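Participant: The following block contains a protein sequence and its predicted model.
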Amino acid sequence: MKVFLFLALIVSFNSYAQSNHDHQDKSKGGNQHGEMHDGDHHGMGGMHGGMHGGHHKLDKTTLKQFFEPLPASIIDEKKNAALITLGKKLYSDTRLSVNDTISCNSCHQLNNFGVDGQPTSPGYEGKRGGRNSPTTLNAALHIAQFWDGRAKDVEEQALGPILNPIEMGMPSEAAVVDKLKKIDEYKPMFAEAFKDEKDPIQYKNIGKAIGAFERTLLTPSRFDDFLNGDEKALNDAEKRGLQKFVHMGCANCHNGVALGGNSYKKIGLVEPYETSDMGRFAVTGLETDKKVFKVPSLRNITKTGPYFHDGSVKTLDQAIEEMAEHQLGRKVGPGFIEDVKAFLGSLTAKGKE
Ligand code: HEC
Ligand code: HEC
């Protein structure tokens, strides 16, 4: 039933986006749709026969169709205490890089919302890759890891950067294992974390430990309180922003428990977007996957700029504006941006806003 509803929403959204696009193509000078209001008054309802039939307030059923509060936990922290402690240590250990200079925490800083605040990140020699470092906070909830989803989970993902020639630069799995075996403090920690194994310092176990630690990185926010029934958890501007976010169609992609992270979508779905990064095409080889990326989670988004897969978008205002234009074919004004930005602020870890 839930799946069916969701599909129906996607279908109605797609036909909406299509018809909106047609309008703009036919009328270069802009008609009432092209230069439309910034979503303050009508959004997708009514006018387009869209999904919410002109409702201005979001009822509980609509909210539940789109969003889900964070679970209290996604790993048994007691049972996995030794594994998590080991993973936490590995996460911040620069000895996992070939010249002992960088760790996971260099690019995904835990005291900085899981990011480094740079468009792209310097590796062990200062060289940069082509993509922005996404936050590790709540990442374990995503359907897959990386902008293009090429790793299936956080356990698999963690093994990539260690051997990546421009990130941590270790020459081989064996070299990493040899290096860790020479560090005394790791012997008892791996033994404790992998009790049943004779030779616990194994490459894949590094991924298991770091992944277990990352599964603890959930950041409950005021929006979760709101979803759990505390109507006062959001102020008026935030509630307006939430309505606009849903009515405009942002929530057709940024939905679920992470407000993203659960599907792949093309950047430039309605208005083409310039980028040389072909995204998921590199993983699947499918023509239809060109410029397709995992929809990013919007949790802590006010703190994790710069934005987009290449870090080319400096401010959240610009990210919101570009999303409306490229994904929905809509021009939005300052009122829309202010309110949606206020709503997005309610997704920040409680106590760290
Ligand atoms: C030099 C900077 C750098 C280092 C060091 C680094 N990462 Fe990353 N990380 C990135 C970049 C850039 C991406 C995105 C790459 C892509 O999508 O192709 C990424 C992606 C990720 C993701 C995916 C998140 C998502 O939303 O899909 C996770 C999880 C992650 N890194 C964890 C780690 C862990 C664990 C380590 C240490 C073993 C680590 N990273 C080391 C830069 C770094
Ligand atoms: C059709 C799906 C879709 C719709 C609709 C959509 N987005 Fe996105 N959003 C994406 C994808 C895909 C990306 C990643 C784009 C990239 O990096 O190239 C993204 C990226 C973002 C980012 C930057 C995230 C980051 O970590 O860099 C923000 C902020 C954002 N969207 C907000 C919005 C808002 C606000 C709306 C409504 C006005 C919206 N999105 C509508 C799919 C969508």
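Facilitator: That came through, no problem. Ligands and ions are numbered 1, 2, ... in the order given.

Participant: Setting aside sequence neighbours, what's the nearest residue to the residue of the stretch 101-250 of the chain found nearest ligand 2?
Facilitator: Residue nearest to ligand 2 within the stretch 101-250 of the chain: C250 (2.8 Å; Cβ to the nearest ligand atom). Glycine gets a C-beta too; all of them are placed from N, C-alpha and C. Nearest residue to C250, sequence neighbours excluded (Cβ to Cβ, 6 or more residues apart in numbering): M323, at 6.8 Å.

Participant: related to what we said a few turns ago, for the residue of the stretch 101-250 of the chain closest to ligand 2, give me the backbone phi and psi.
Facilitator: Dihedral pair for C250: phi -60, psi -40, per degrees, to the nearest 10.

Participant: And the pLDDT at it?
Facilitator: Listed pLDDT for C250 reads 98.

Participant: Please give me every residue in contact with it.
Facilitator: Applying Cβ atoms under 8 Å, 6 or more residues apart in numbering to C250 gives the contacts 323-324, 327-328, 340.

Participant: Quick check: the farthest pair among those?
Facilitator: Distances among these were taken as Cβ to Cβ; the most separated pair is Q327 and V340, at 13.2 Å.

Participant: Comparing the two, which residue is more hemmed in?
Facilitator: Each of Q327 and V340 has its neighbours counted (other Cβ atoms under 10 Å); V340 has more, 29 against 24.

Participant: Which secondary structure element is home to the closest residue to ligand 1 within the stretch 201-350 of the chain?
Facilitator: Closest contact between the stretch 201-350 of the chain and ligand 1, by Cβ to the nearest ligand atom, is at I210 (4.7 Å). For I210, the host element (DSSP states H and E) is helix 203-214.

Participant: thought T216 was touching A81?
Facilitator: No. The criterion here is Cβ atoms under 8 Å, and T216 misses it with A81 at 10.4 Å.

Participant: Would you map the strands across the stretch 251-353 of the chain?
Facilitator: Here the stretch 251-353 of the chain has its strands, by DSSP state E, counting those that start in this stretch, at 264-266, 292-294.

Participant: so where's the stretch 251-353 of the chain uncertain?
Facilitator: Across the stretch 251-353 of the chain, nothing is flagged by pLDDT under 70.

Participant: ok so, going back, count of residues packed around the residue nearest to C250?
Facilitator: 22.

Participant: next one: P334
Facilitator: P334: 10 surrounding residues under other Cβ under 10 Å.

Participant: just to revisit the earlier point, so what's the residue count around the closest residue to the residue of the stretch 201-350 of the chain closest to ligand 1 other than its chain neighbours?
Facilitator: Distances taken as Cβ to Cβ, 6+ apart place A158 nearest to I210, at 4.0 Å, with adjacent residues excluded. Other residues lying near A158 total 27 when counted by other Cβ under 10 Å.

Participant: and the residue of the stretch 201-350 of the chain closest to ligand 1, what does it touch?
Facilitator: Listed by Cβ under 8 Å, 6+ apart, the contact set of I210 reads 87, 90-91, 104, 154-155, 158.
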